[in-house]
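Peer 1: Quick one, what's the 3D model for this:
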Amino acid sequence: DRPEIKEVLKKDDRFLTLLKDVYVESRDPPVQVKDGGGEHLPSKQKEKRLTKLGHLEALDVKKVSKGKISLVEALTLLNNHKLQPQIWTAEKIAAEYSLELKEVNSLLEFFIPFTVHEFPKETKKAITSQKPKMLT
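Peer 2: Residues are numbered from 1 along each chain as shown. This next block holds a predicted model:
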């Protein structure tokens with residue numbers, strides 16, 4: 001209904017012909033490599049240590065960064081601490097695996113390995129032979 005809008009929507013052949021004559025060509029500037037004069041940035045290489053896996057060596061990685069442990073090592077040290085807490089103290093674990101004492105204390109506090117209990121067969125029989133009580 002408004003004439004301004006109709007004016008905008010109308011094609012103008014003069015502008016179309018001018019637009020067809022426009023050609024844009026662009027090129028990237030050549031890349032210049034700055035010469036640092038022999039200076040090299042220090043490469044960030046982490047210090048690695050060999051893992052202490054024993055007979056589970058084939059199950060895990062061979063090297064880990066200092067301050068970290070592999071999954072198999074974590075399970076091993078948690079189990080060692082659980083079985084012999086007097087020998088495998090937090091201080092000994094920290095020294096043995098190149099860890100910080102604060103992190104080892106947190107690990108020992110919050111992660112506890114499971115214990116598997118097997119019930120004797122007689123107990124299983126006794127449990128299954130009981131008659132279920134009727135709820136009233």
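
Peer 1: need the strands for the protein, in chain order.
Peer 2: Read by DSSP state E, the chain holds these strands, from start to end of the chain: 48-50, 63-65.

Peer 1: just for this protein, where's the confidence low?
Peer 2: Within the chain, the stretches with pLDDT under 70 are 33-61, 121-136.

Peer 1: isn't residue 82 right up against residue 108?
Peer 2: No. The pair residue 82 and residue 108 fails to qualify as a contact (Cβ atoms under 8 Å) at a distance of 9.1 Å. In this view, the C-beta of every residue, glycine as well, is placed from N, C-alpha and C.

Peer 1: okay, these two: which has more neighbours?
Peer 2: Taking neighbours as other Cβ atoms under 10 Å, residue 82 and residue 108 compare with residue 108 leading, 18 against 13.

Peer 1: Distance check, that one against residue 78.
Peer 2: Computed as Cβ to Cβ, to the nearest Å, the residue 108 to residue 78 distance reads 7 Å.

Peer 1: swap in residue 11?
Peer 2: Relative to residue 78, and taking Cβ to Cβ, residue 11 is found at 78 Å.

Peer 1: For these two, indicate the residue with more neighbours.
Peer 2: In terms of neighbours (other Cβ under 10 Å), residue 78 is the more surrounded of residue 11 and residue 78; the figures are 17 against 6.
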